[in-house]
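J.: Have a look at this prediction, sequence included:
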Amino acid sequence: MTIPFRTETFRGDFTFSNSPAAIRRFPFPFDRDAYMYSVNIEQHVPGRVQTTTEFPIDIDEHYVAEMEDRALVLKADPLRCQSLPHMITAEWDLLELLMTSMARHYPDHFTLTCDGDRWHWVNRPLGIDQEFTFGEAATLPLPPMEYVTRQCQGDFCLLDQRDDNLWMDAGIVTTQADWSLDFDLGMNFIEWHGPVPLAHDLGVFDRALKFLMNLQQGRPVRRLNWTMTINPRLDTSPENYHLWGVDKASVTPENVGDKVHLRVELQALWRLPRSNAIVFSIRCYLIKMDELVTQKKWARRFHRVLRDLPPEIAGYKGLSRFRETTIDWLARHDDGAETSPGFGPD
Amino acid sequence: MSGGEDFRVRVVEAENVTPTIRRLRMLRCDGGALPPYAAGAHTVLTLETGGPKLRNAYSLLGSTLSGGAYEIAVLRTEASRGGSAFIHAAVGVGTELTLSTPVNLFPVHHLARRHVLVAGGIGITPIAAMAAELSAMNAPFELHYAVRDEALGAFAGDLALRHGAKLRLYVSRRQERLAVREILQHQPLGTHLYVCGPERMIEAVLGDARAAGWPEDSLHAERFLAPAGGEPFAVRLARSGLMATVGEHQSLLEAIEAAGVDAPYLCRGGACGQCETTVVAADGSLRHHDHFLSDAEKAAGDKIMICVSRLEGRELVLDL
C-alpha cells in the first residue's frame, strides 16, 4: 500500500498535523482513567491492521518530513549520533533489522536484495539506491547505524550487555523528550534511569533490568511511554532547551487546542543476533489537543489522567507550567460519562 | 514464554568425529535462512526419542554472519538420559529435527583487552566458536584445550591449523597438565577468562583465577547441567490447577511441559534464571542443583529452578 507522505515542518512555522486516519491509529497510552508507572512490557507481536503495531517497524505519513528534520538536527549537532568502537557489530545488526523489516512490510517504498554479503537497498521516498557489502563499513557513505537510521523514523539506542547490566554505548537520538544521548552515553541501565522519581522505590527498574537481560532473539517486546510537548516539536533536547523551554509559558486558554500536544513513545526492544546487544527504539508520535478530542473517549480519559496525576510525575515530565490551563480546556470535553476499557477509540 | 521461534531442520551431514563425539550439520527444511548468531550461543533441540520428548541445549559450533547452516557436536555420555544416545544411534543425514532460535548466555565481552579461552573435552564447542570469532576480529587471545587423549581431541587438528601458536593442547594421557595458575599470572589488566568443560575443571579454573585476585566481572563460564534424577514426586500448579508426576529421569520442567503448560526457560541447565518459579508449598525438601540462586535463596526455600532442581518428598506446589 502506498503511503501519502505529508509535506510539513516540526519547527519554525510548525505545519505538522495528523490526517483523520493518523488520528485514529494514534497509540493512545491510557487504558484506564489514571496513570502510574508500571513495567507495562508486552511481546512486540503484530497488532491489528492499520495500527502502529501492525508491523515491527512503523512507517507513516510523517516519514519524509521526519527524516528531513533529523538531517537538520544532525547538521546542527553531530553529537546526536554517537557509537563507541566496540558497537560496530551491533550497528550492522541494526541495519539488517531495519532494512529487512521495512522492505518486507512496505515493498512499495523499500526494496532489499541480498546476494550473500552483497546487498542492494532502494529507498524510493528518499531517492536512495545503494549497493554495499554487509559487514564492510567502507562500502557505505556513512557508518551503518547512522546510514540506516537517517532512513527510519524513531530514535535508536544500542545497549551492550556485560557485567550483569546494560550499557548505552551507541545511538542516534534526535526526537527526544528532554534527555541527551551525549550525556547518557556509556551509562548503565540504573544510571540513566537515575532522574526518574518514585519508580526506583517501586523496584520497577530492577525488575525491568532483570527481564531485559534475558530478552531473546526473535521475541522483541514493547511498551508505551508519554509526555507532553508545546508545539509539534520533535527535537526537545536539553541541548536546545533555550529554543523550546520558553514555549511552555506561551499556553493560553485560547491556544491549548493547537499548541498543546500529547507525545507518545512506542518503545521496543530487540535482542540482536551477532553482537548480543539490545536495540532500544523510541518512536515518537505527536497529537494536538484539537485532534485528540475528535475521539470522545480519549478526551474524557486524558482529562482525568492529567487532572489526577501525582505532582512528582507531572514535575518530572515538565508539565507543571501548562497543566492547569490544559485541564480546564479538556474539562469542557469531559461529559462525565464512563470510558470504555482498552486503549483504542470507541 | 519458552524459547524463541522454532525451526524445522534437516540433518545434511552427520559424522562420528571420534567414537564418542557425533557432529551434525543442519539446514532449514523450508529452504529459508536460519538466524545469524555469535560465538557462545546455544540452540535447544527437541528430540522425539520415542519415549518422553526431550529438549536439550547444545552449543553452536562457529558463528555466522549471515545465517546458513548450524553445526553441533554431541558427546555420548555414560549418564545420558537418552538425548545423546538417541543422536548417536538414530540421527543421521535426512533426519528432521526441531531447534530453537539461538540464545547467547556466554558471549564474548566486547570491552576485553585480551581473551584467555580454556576448554576441557566437549567444552571446546563454544570455545572454538569464540576463537574463530576473535581471530576474525583480530582480537588478542590464547586458547588452552585439555583432552584425555588424541582421539578425543578431534577438533585439535583443525584448531591448530587455524590458530597455530595461539593453541596450547594438553593431553592427560601424556601426563600434560593444564596449569591455569601459570597462565593467569602473566595476563595484562583487562584480560577476560572464558572456561567451558567438566564441572570440576570449571570450578578449579575459576578458583585459581579468584585466588590470583581476578575480578569476578572478568570471569565467564558456561555449564549446562543435565537435570538431576531422583525419586518420583507429585507437582501441583496452583494457578492452572494442573497435577503431574515428575518421573525418576524427568525434570520438573519436562513434567510441566508434558502436562501442557508453557513454562519459561532459556538454558534448561540451571544457569540463566529464566525458569525461576515461586514455591507455594513443599511436602518434602527441595534439592537445588542450579547455579543461579544464592545460598541464602536456596536456604529460604521459596524459589526453585524447575529445569534442574527437584523435590525429595511427596508433593510440590508451584505458582504456575
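T.: Good, I have the coordinates. Numbers count the residues shown, from 1 in each chain, chains lettered A, B, ... in the order given.

J.: In chain A, what residue lies closest to chain B?
T.: Nearest to chain B, among the residues of chain A, is residue A:218, at 3.3 Å (CB to the nearest CB). C-beta: built from backbone N, CA, C; applies to glycine.

J.: got the contact list for residue 62?
T.: If you meant another chain, say so; for now it's chain A. By CB atoms under 8 Å, 6 or more residues apart in numbering or on different chains, the contact list for residue A:62 reads A:5-6, A:8, A:16, A:22, A:153.

J.: To clarify, I was referring to chain B.
T.: Residue B:62 makes contacts with B:39, B:71, B:128-129, B:132, as judged by CB under 8 Å, 6+ apart.

J.: Return the closest of the residues you listed with respect to residue A:247.
T.: residue B:39 (50.2 Å; CB to CB).

J.: Over to the residue of the stretch 201-320 of chain B found nearest chain A. Which of the three states is it?
T.: Taking CB to the nearest CB as the measure, the stretch 201-320 of chain B has residue B:217 as its residue closest to chain A, at 4.6 Å. On the three-state scheme (DSSP: H, G, I helix; E, B strand; the rest coil), residue B:217 is labelled helix.

J.: now residue B:281
T.: At residue B:281, secondary structure determined by three-state DSSP is strand.

J.: What about the closest residue to it other than its chain neighbours? Give its phi and psi, please.
T.: Among residues not flanking residue B:281 along the chain, residue B:317 sits closest, at 4.2 Å (CB to CB, 6 or more residues apart in numbering or on different chains). The phi/psi pair for residue B:317 (degrees, to the nearest 10) reads phi -110, psi 120.

J.: Distance of residue B:317 relative to residue A:292?
T.: According to CB to CB, to the nearest Å, residue B:317 and residue A:292 sit 48 Å apart.

J.: again with residue B:192
T.: Taken as CB to CB, the span from residue B:192 to residue A:292 is 52 Å.

J.: how about the helices of the chain, start to end?
T.: Answering for chain A, as no chain was given. Ranges of helices in chain A, per DSSP state H, are A:20-24, A:63-76, A:88-105, A:144-149, A:181-184, A:189-192, A:199-202, A:204-213, A:241-244, A:256-259, A:289-292, A:296-307, A:311-316, A:323-331.

J.: Can you look at chain B instead?
T.: According to DSSP H, the helices that chain B contains are B:83-90, B:124-136, B:156-163, B:180-185, B:199-211, B:252-258, B:295-300.

J.: Can you show me the CA trace of stretch A:214-230 as PDB?
T.: Taking C-alpha atoms only, stretch A:214-230 is exported to PDB below (Å, rounded to 0.1, in the frame of the first residue of the first chain):
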ATOM      1  CA  ASN A 214      17.000 -12.400  29.400                       C
ATOM      2  CA  LEU A 215      15.500 -10.900  26.300                       C
ATOM      3  CA  GLN A 216      15.600 -13.300  23.500                       C
ATOM      4  CA  GLN A 217      16.400 -13.100  19.800                       C
ATOM      5  CA  GLY A 218      13.200 -13.400  17.900                       C
ATOM      6  CA  ARG A 219      11.000 -12.300  20.800                       C
ATOM      7  CA  PRO A 220      11.000  -8.400  20.900                       C
ATOM      8  CA  VAL A 221       9.000  -6.600  23.500                       C
ATOM      9  CA  ARG A 222       7.400  -3.100  23.600                       C
ATOM     10  CA  ARG A 223       5.900  -0.600  25.900                       C
ATOM     11  CA  LEU A 224       4.300   2.900  25.700                       C
ATOM     12  CA  ASN A 225       5.600   6.000  27.400                       C
ATOM     13  CA  TRP A 226       4.200   9.500  27.200                       C
ATOM     14  CA  THR A 227       4.800  13.100  28.000                       C
ATOM     15  CA  MET A 228       3.500  16.500  26.600                       C
ATOM     16  CA  THR A 229       5.200  19.000  24.300                       C
ATOM     17  CA  ILE A 230       4.200  22.500  23.400                       C
END
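
J.: How about the backbone phi and psi for the residue nearest to residue A:224 when sequence neighbours are not counted?
T.: For residue A:224, ignoring the flanking residues on the chain, the nearest one in space by CB to CB, 6+ apart is residue A:29 at 4.1 Å. When read as degrees, to the nearest 10, the backbone of residue A:29 gives phi -100, psi 10.

J.: Over to residue B:139?
T.: Torsion angles, degrees, to the nearest 10, at residue B:139: phi -90, psi 140.

J.: close enough to count as contact, it and residue B:115?
T.: Yes. Residue B:139 is in contact with residue B:115 according to CB atoms under 8 Å; the separation is 6.4 Å.

J.: neighbour-wise, which of those two wins?
T.: Neighbours per residue (other CB atoms under 10 Å in any protein chain shown) separate residue B:139 from residue B:115, with residue B:115 holding more: 22 against 15.

J.: Against residue B:122, how distant is the residue lying closest to the more buried one once chain neighbours are set aside?
T.: The shortest distance from residue B:115 to any residue other than its chain neighbours is 4.0 Å, reached at residue B:141 (CB to CB, 6+ apart). In this view, residue B:141 and residue B:122 are 20 Å apart by CB to CB.
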